[in-house]
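Q: Next comes the sequence, and after it the predicted model I'd like to discuss.
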Amino acid sequence: MSQSALVNYSREPGSVELREVPIPEVPGGEILLKVGAVGVCGSDLHQWQATHSWPVDYPVILGHEFSGEIAELGDGVEGWREGDRVVSETAAIINEDNPMTRRGLYNLDSDRKGFGYGVDGAMASYVRVPARCLHRAPNGLKMECAALAEPCCVAYNAVVNNTRIEPGDRVLVIGPGTIGILCAVLAKLRGAEVCLLGRKNDTARLLAAREGYGIEALTGDAGQWARERDGLGVDVVVDAAGVSETLKTAIDLVRPAGWISKVGWGPQPLGFSLDSLVQKNVTLQGSFSHNWPVWERVLQLMGNGALDVAPLIGGKWPLGDWNIAFDAMHSGQVVKSVLIPGS
């Protein structure tokens, strides 16, 4: 049997199209998931535009933010039943013997491959998933919201595990994409005073942050906000922008002995001195992906309503309208587009 799937088929810009592909067979230890919803990520847009900086195994089905129901169990899978509502982690392939995997940090396994670039993802009716990747979707959580657990986990890791934010801190988040807004939300949950920094063409995204979460938002120069307490700068900067140059802004605006969490990718060379980082004794911390404990905590927050992703969803489209959904995000009209393959 076959299904329609959104395939990224080459390194050339615009090389994404709907294709008929086989529904995957399910080997032992894996499950076949009927996709309920799949979020469009900035990385999907980068692969579509060929502006990404990571290796891709072409051709590959896009989509790594997804939820659905178990349709079939492979041999040896225990603890799950057909019909269970689940979400999936992104680490589709890991090396069990890697030292980082043995520590539970399989997100840092150098052999790791994820859905949507290393193996086929979920922009299709069905996707094959290792059973170890599954988590139960909270009762009552809509499929389109459950699909956004993955970017929530990226933000949680950046803000909770990879900063030292304390109640009363002033936190500047650079970049009002999905990850940036979620980082701001989580910093606010930690008791910080938060400001989200974007550009003039980020109006819709900044408005979503203000109206959906009550987060202060700025465009242009955030220097006055950063220094208004005592002139020294903010306690923490979370750099969630997709360009390298924002790191300079982060270094300029963080206070001495402050903290920068860098979660946004940027392939461009830096082109500036890091002496201020040294002189100010600033901690620069990278943050990548997530692991099992992060997912469990995020799903608890989503299930009890403390972390509501609904204000981020700017629209839902059937898989056949993927180009409209991609354009809506790429142009900044919406924060997050969601595809519903079965619609």
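A: Cool, the structure landed.

Q: for the helix or strand hosting S261, what is the average pLDDT?
A: Assessed by DSSP states H and E, S261 sits inside strand 254-262. For strand 254-262, mean pLDDT is 98.

Q: and what of stretch 94-107?
A: 97.

Q: got it, and stretch 153-166?
A: On average, the pLDDT along stretch 153-166 is 97.

Q: So what's the gap between that stretch and the chain middle?
A: In terms of C-alpha atoms, centre = their mean, to the nearest Å, the gap separating the centre of stretch 153-166 from the centre of its chain is 13 Å.

Q: ok, now stretch 4-21?
A: 21 Å.

Q: First-to-last residue distance for it?
A: This stretch, stretch 4-21, spans 6 Å end to end (C-alpha to C-alpha, to the nearest Å).

Q: What are the buried residues along that stretch?
A: Judged by neighbour count using 16 or more other C-beta atoms under 10 Å, the buried positions of stretch 4-21 are 4-8, 15-16, 21. The way it works is simple: take the backbone N, C-alpha and C, and place the C-beta from them, glycine included.

Q: export those residues to a markdown table and tack on pLDDT?
A: Below are those laid out as a markdown table (pLDDT from 0 to 100):
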| residue | pLDDT |
| --- | --- |
| S4 | 97 |
| A5 | 98 |
| L6 | 98 |
| V7 | 98 |
| N8 | 98 |
| S15 | 98 |
| V16 | 98 |
| V21 | 98 |
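
Q: Of those, which pair is most distant in space?
A: S4 and S15 (17.1 Å; C-beta to C-beta).

Q: What segments of the stretch 151-300 of the chain are strands?
A: Along the stretch 151-300 of the chain, counting by DSSP state E, counting those that start in this stretch, strands occupy 170-174, 193-198, 216-219, 234-239, 254-262, 283-286.

Q: What lies in contact with the first one?
A: Judged by C-beta atoms under 8 Å, 6 or more residues apart in numbering, the contacts made with strand 170-174 from elsewhere in the structure are 165, 180-181, 183-184, 187, 192-197, 222, 225-226, 229, 234-241, 246, 249-250, 253-254, 264.

Q: quick one: E30 and E296, what's the gap?
A: From E30 over to E296 the distance is 21 Å, taken as C-beta to C-beta, to the nearest Å.

Q: Looking only at neighbour counts, state which of those two leads.
A: E30 (22 against 12; other C-beta atoms under 10 Å).

Q: I'd guessed that one sits against D75; true?
A: No. If you go by C-beta atoms under 8 Å, E30 and D75 don't touch, sitting 9.2 Å apart.

Q: Which residue is the nearest non-sequential neighbour of the residue nearest the centre of the chain?
A: When C-alpha atoms, centre = their mean is applied to the chain, the residue found nearest the centroid is P151 (2.9 Å). Closest residue to P151 apart from its sequence neighbours, by C-beta to C-beta, 6 or more residues apart in numbering: T178 at 4.9 Å.
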